[in-house]
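Engineer: What would the 3D arrangement of this be:
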Amino acid sequence: MTGRPPPLLLGSLWLGIAVLYVPILVLVAYSFNGSALVNVWGGFSTGWYVKLLHDDQILDAARLSLEIGLMVATGSVLLGTLAAVALVRFANFRGRLLLTGMVNAPLVMPEIITGITQLLLFVSMLHVFGWPHRGVTTIVISHLAFCTAYVTVTVQSRLQGFDPSLEEAAMDLGSGPVRAFLDTTLPAMLPALASSWLLCMTLSLDDLVISSFVSGPGASTLPMVIFSRVKLGLSPDVNALASVIICAVGACILLAGYVMRRTERTRAVQMQLAERHPAA
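Structural biologist: Predicted structure coming up:
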């Protein structure tokens with residue numbers, strides 16, 4: 001179907017965009033507010049950004065959240081990819097139904113239930129084994145538990161649409177199983193792996209409920225610090241911090257979209273060349 005979309009559909013689209021992005025634009029604008037009152041405009045000022053650069057609590061929390069996010073995203077992609085390959089390539093093995101249920105459970109489990117159960121688990125393990133102490137380690141383990149599920153589902157859907165005959169053809173041409181997987185299957189999985197890594201990074205940086213349950217002294221993530229400050233009332237320095245996060249996330253999304261689009265174009269060109277010049 002071509003032509004101009006109906007006015008009702010177009011209006012609904014713009015309304016949805018306005019609901020999503022107008023509050024963000026307002027927040028960014030008020031981050032340059034010179035007044036200490038968040039709802040009173042006191043003139044343009046970048047003072048809150050300068051104050052943010054000298055806020056050790058915020059900077060330490062942001063650094064900790066980034067470190068945890070990097071570890072969680074990388075570990076989740078590795079574990080989730082292995083689980084997805086097992087579920088797609090091996091249809092019949094003992095425990096497959098159990099593994100499928102364990103993968104899907106974190107997707108529908110309320111975060112508060114997950115946080116409570118993991119807290120009880122870590123307390124019991126500390127009592128029995130003397131490890132782990134609540135802190136960065138427990139936060140990483142907890143985030144890995146639910147982020148791996150998202151990676152498994154994403155990569156699994158990508159693998160189910162992949163033609164296994166390409167990997168078989170690579171092995172017929174002399175490649176071993178590992179080399180054939182790296183040359184054929186892995187490039188096809190790259191968009192799913194990249195999106196899964198970004199999703200896990202976002203989920204880890206955004207998590208508040210589970211981190212609040214399993215964290216310990218000296219292990220306050222950025223969402224925990226922001227929430228503790230917002231409980232006392234909104235302030236322009238929180239607006240400045242949120243604006244920085246929005247810009248960083250937006251830049252990462254644009255970069256990831258560019259890389260994924262370029263990868264897809266390269267694959268499309270390679271497929272066209274292969275169709276025009278088939279091997280003898």
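Engineer: right, and the helix or strand after the lowest-mean-pLDDT helix or strand in the chain?
Structural biologist: One helix or strand of the chain scores below all others by mean pLDDT, DSSP states H and E: helix 164-172, with a mean of 77. Next helix or strand after helix 164-172 toward the C-terminus (DSSP states H and E): helix 177-180.
Engineer: Extract the CA atoms of that next one and return them as PDB.
Structural biologist: Only the C-alpha atoms of helix 177-180 are listed here, as PDB (Å, rounded to 0.1, in the frame of the first residue of the first chain):
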ATOM      1  CA  PRO A 177      33.200 -27.400  12.800                       C
ATOM      2  CA  VAL A 178      34.600 -24.500  14.700                       C
ATOM      3  CA  ARG A 179      36.000 -22.700  11.600                       C
ATOM      4  CA  ALA A 180      32.700 -23.300   9.700                       C
END
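Engineer: And the contacts of it?
Structural biologist: Residues from elsewhere that reach helix 177-180 (Cβ atoms under 8 Å, 6 or more residues apart in numbering): Glu167, Glu168, Ala170, Met171. In short, each C-beta sits where N, CA and C put it, glycine included.
Engineer: Apply 10 Å and report the result again.
Structural biologist: By Cβ atoms under 10 Å, 6 or more residues apart in numbering, the list of residues contacting helix 177-180 from outside reads Leu166, Glu167, Glu168, Ala169, Ala170, Met171, Asp172, Leu173, Gly174, Leu186.
Engineer: Quick one: distance of the top helix by length along the chain to the chain centre.
Structural biologist: Across the chain, the helix with the greatest residue count (assigned by DSSP state H) is helix 236-276. What separates the centre of helix 236-276 from the centre of its chain is 14 Å, taken as Cα atoms, centre = their mean, to the nearest Å.
Engineer: Equivalent analysis for stretch 35-54, please.
Structural biologist: 30 Å.
Engineer: okay, it in CSV with CA atoms only?
Structural biologist: Presented in CSV, the C-alpha positions along stretch 35-54 are these (Å, rounded to 0.1, in the frame of the first residue of the first chain):
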residue,chain,number,x,y,z
SER,A,35,17.7,28.6,39.6
ALA,A,36,18.0,26.0,42.4
LEU,A,37,14.3,25.5,42.2
VAL,A,38,13.6,22.8,39.6
ASN,A,39,10.2,24.3,38.5
VAL,A,40,11.3,27.9,38.4
TRP,A,41,13.3,29.2,35.4
GLY,A,42,16.1,31.4,36.6
GLY,A,43,18.0,32.0,33.4
PHE,A,44,20.4,30.0,31.3
SER,A,45,23.4,28.5,33.2
THR,A,46,25.8,25.5,32.9
GLY,A,47,26.6,25.6,36.6
TRP,A,48,24.8,22.4,37.4
TYR,A,49,27.0,20.5,34.9
VAL,A,50,30.1,22.0,36.5
LYS,A,51,28.8,20.9,39.9
LEU,A,52,28.2,17.5,38.5
LEU,A,53,31.8,17.1,37.4
HIS,A,54,32.9,17.7,41.0
